[in-house]
Structure formats: C-alpha cells, structure tokens
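Peer 1: Provide a 3D model corresponding to the input given below.
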Amino acid sequence: MSAAAALPPLRDVIRTHGLTASKALGQNFLFDGQLLDRIARIPGDLTDAEVLEVGPGPGGLTRALLAAGARVTAIERDRRCIPALAELGDAYPGQLRVIEGDALAVDHKTLFDGAPHVVANLPYNVGTELFVGWLSTPWAPWWQSLTLMFQREVADRIVAAADSDAYGRLAVLAQWRSTPRIAMPVHRSAFTPPPKVMSAVVHVVPGEAPGGVRLATLERLTAAAFGQRRKMLRTSLKAMPGAVEAAEAIGIDLTRRAETVSVAEFCALARAVG
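Peer 2: The predicted structure is shown next:
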C-alpha cells in the first residue's frame, strides 16, 4: 500500500486534531485531492525536487507534493497543525521538514542547497507581502519557480497587461524579469470555509533581468507613477527627481497616464533615470 493510500482522509485529520481554519491567520483549507494533485503538477516533475511550502495547515497540498516525490520544507505558524504534519512526515520518511514559525521572519534561501520550487496555498493576509519579497530578491533568484494561490483579484493584478484596470505596480514588479501566468482558477466552494472571493493559482518562472535597470529605481518610478495613476505623467513623475526629464529624453509622451506605460517602457525609463 502506498503512503498516500494509507493516510486517513483530510477531513478525518481535521476532526481528529480539532482543527478549524483561523481567520486571523488567513487560513482556508483545501480538501479536494484531485485539485491538490493538479496544483502539485503545475511546476513540472517534482521527483526528488526541493519544494518550499508556506502555510501548509493540516497538510492537504503537502500530501500532493510528497506523493509527487518532492522533498518538502514546510513553514507553519499555527502550532495546532504541527501534529498533523508530523503524521505526514512519518508516512513519507525523509521527505518532509517542518519549520514552526512566521514565514515573514524566515530567510528562505538559507534553507536550501539548491534552487527550490515554491508551491503554496498562501495565507491571504500575507500572500502578497511574501510574493513581493520573493520577486525582490537579487537576480537570478534562489527559487526555480513560484506556484501560488491568490485571491483572483490579486492574480489578475500580477498578470495584467498595460492599459487595463488591473495593471499597476504589482504587474510591473512581476513581469519585468519573470513571466507570470494564471495556471488555473479555483472556485470559492473548493475551500473550507469558503472565502467571499474566487481564487487562482499563479505560476511564475524567472527570466533574464534587463540590463542597466535597478530594482530600487523601478520601484520608485512605479510608486510615483501609480501613486497618482489618474494624473498625466508630467504630474505624477514629479514625485521622483529626474523622471520627467528622462521620460522626455526617451520619447515617452508626458500626457499619458501610468496604466498605459508598458513594462518595457518602465524599464527603459528606469535605465534612463539611472
């Protein structure tokens, strides 16, 4: 009998350990094994691959990752879930390392010898902050790919194209040196308890960073431009010294608004500002 087949159903695990999703921790549990297996397949073949999972909760996605052959490092803040995760570790000897703590306080890259995949049903209350931190790492990044569950609204902002309502700072940060895509939508009814909003899994693979573009400059530019996104660039870019002049020098029309400026144009502007 396989390790997965020998494990009790997730709902029984929840009942046995008296677990309920914590609103304060942004938890929403997934029980659908087929859905979890589909998520685990998004990064590709995980046989003997290192994987970082944040917020495993009772271990639904963790099961799918372990069954796929991954060596999982799971960071869990909720100590109520640790015994359930320990049972998974017993079922998959040598494949699961559990770190009890706050993922925001952990230096993730120091946990691995190689470059892991990050696969997580992120707690909604810290998901964007973690994502931005992983995108802001020195390039090439310490991770191979990111496969992350977000609220659908956040997922749309990550993959948004210029000249759309969802396009903003998060899209530029995600797209200037990596490629994000929505890998699959997830209906709210798949979760326990069901959140008020729909969700989606976003898959991100790193690319090459454009030459001569500094992350700090790009962040300041997008903060200025989207801080007053309904204003023309000649007004919004005044918040960053030299930005208006740089835009003029490279031929960006200052009567445009931030949401019409493509990722490539933001990179060119950051390069011109220096």
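Peer 1: Now the nearest residue to Phe29 once chain neighbours are set aside. Its backbone dihedrals?
Peer 2: Take Phe29 and drop its neighbours on the chain: the residue closest to it by CB to CB, 6 or more residues apart in numbering is Thr192, 4.8 Å away. No exception for glycine: its C-beta is placed from N, CA and C like everyone else's. Main-chain torsions, Thr192, degrees, to the nearest 10: phi -130, psi 120.
Peer 1: those strands in the stretch 1-150 of the chain, which residues are they?
Peer 2: Along the stretch 1-150 of the chain, the segments classed as strands by DSSP state E, counting those that start in this stretch run 29-30, 50-54, 71-76, 96-100, 117-121, 145-151.
Peer 1: closest one to Met232 among those strands?
Peer 2: When the strands of the stretch 1-150 of the chain are compared by CB to CB, strand 145-151 sits nearest Met232, at 31.0 Å.
Peer 1: hmm, who's touching the helix or strand following the closest one?
Peer 2: Using DSSP states H and E, the helix or strand that follows strand 145-151 in sequence is helix 152-159. Residues outside helix 152-159 that contact it (CB atoms under 8 Å, 6 or more residues apart in numbering) are 127-128, 131, 150, 166-168, 170-171, 174-175, 180-182, 185, 197-202, 204.
Peer 1: go with 6 Å
Peer 2: Thr128, Ala166, Leu170, Ala174, Pro180, Ile182, Met198, Ser199, Ala200, Val202 (CB atoms under 6 Å, 6 or more residues apart in numbering).
Peer 1: Those residues in strands, which ones?
Peer 2: Pro180, Ile182, Ser199, Ala200, Val202 (DSSP state E).
Peer 1: okay, who's weakest in those residues by pLDDT?
Peer 2: Least confident by pLDDT among the ones in strands among the contacts of helix 152-159: that is Ser199, with 94.
Peer 1: Now the closest residue to that residue other than its chain neighbours: phi and psi?
Peer 2: Nearest residue to Ser199 in three dimensions, chain neighbours excluded: Val186, at 4.3 Å (CB to CB, 6+ apart). Main-chain dihedrals, Val186, degrees, to the nearest 10: phi -130, psi 120.
Peer 1: repeat for Arg257
Peer 2: phi -110, psi 160.
Peer 1: what sits opposite it in the beta ladder?
Peer 2: Met232 (DSSP bridges).
Peer 1: That one and Met240: what is the separation?
Peer 2: Distance, Arg257 to Met240, by CB to CB, to the nearest Å: 16 Å.
Peer 1: returning to that earlier point: want to try TSV for the strands of the stretch 1-150 of the chain, with mean pLDDT and distance to Ala162 as columns?
Peer 2: Formatted as TSV, those follow (pLDDT from 0 to 100; distance: least, CB to CB, whole Å):
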stretch	mean pLDDT	distance to Ala162
strand 29-30	81	33
strand 50-54	98	30
strand 71-76	97	35
strand 96-100	98	39
strand 117-121	96	27
strand 145-151	96	20
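Peer 1: Adding mean neighbour count and distance to Arg271, write those strands out as CSV.
Peer 2: Below are those laid out as CSV (neighbours: other CB atoms under 10 Å; distance: least, CB to CB, whole Å):
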stretch, mean neighbour count, distance to Arg271
strand 29-30, 21, 42
strand 50-54, 25, 32
strand 71-76, 24, 36
strand 96-100, 17, 39
strand 117-121, 26, 29
strand 145-151, 24, 26
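Peer 1: low-scoring stretches of this protein, by residue?
Peer 2: 1-5, 21-27 (pLDDT under 70).
Peer 1: Which parts of it are helices?
Peer 2: In the chain, the helices defined using DSSP state H lie at 3-6, 10-16, 33-41, 60-67, 82-91, 127-135, 152-159, 169-175, 215-227, 233-236, 243-249, 263-273.
Peer 1: ends of stretch 165-181, how far apart?
Peer 2: 17 Å (CA to CA, to the nearest Å).
Peer 1: got a list of contacts for that stretch?
Peer 2: With CB under 6 Å, 6+ apart as the test, stretch 165-181 has contacts from 135, 139, 156-160, 202-207, 209, 222, 226, 259, 263, 266-267.
Peer 1: Give me the distance from that stretch to the chain's centre.
Peer 2: Here stretch 165-181 is found 12 Å from its chain centre; the criterion is CA atoms, centre = their mean, to the nearest Å.
Peer 1: Good, we can wrap up now.
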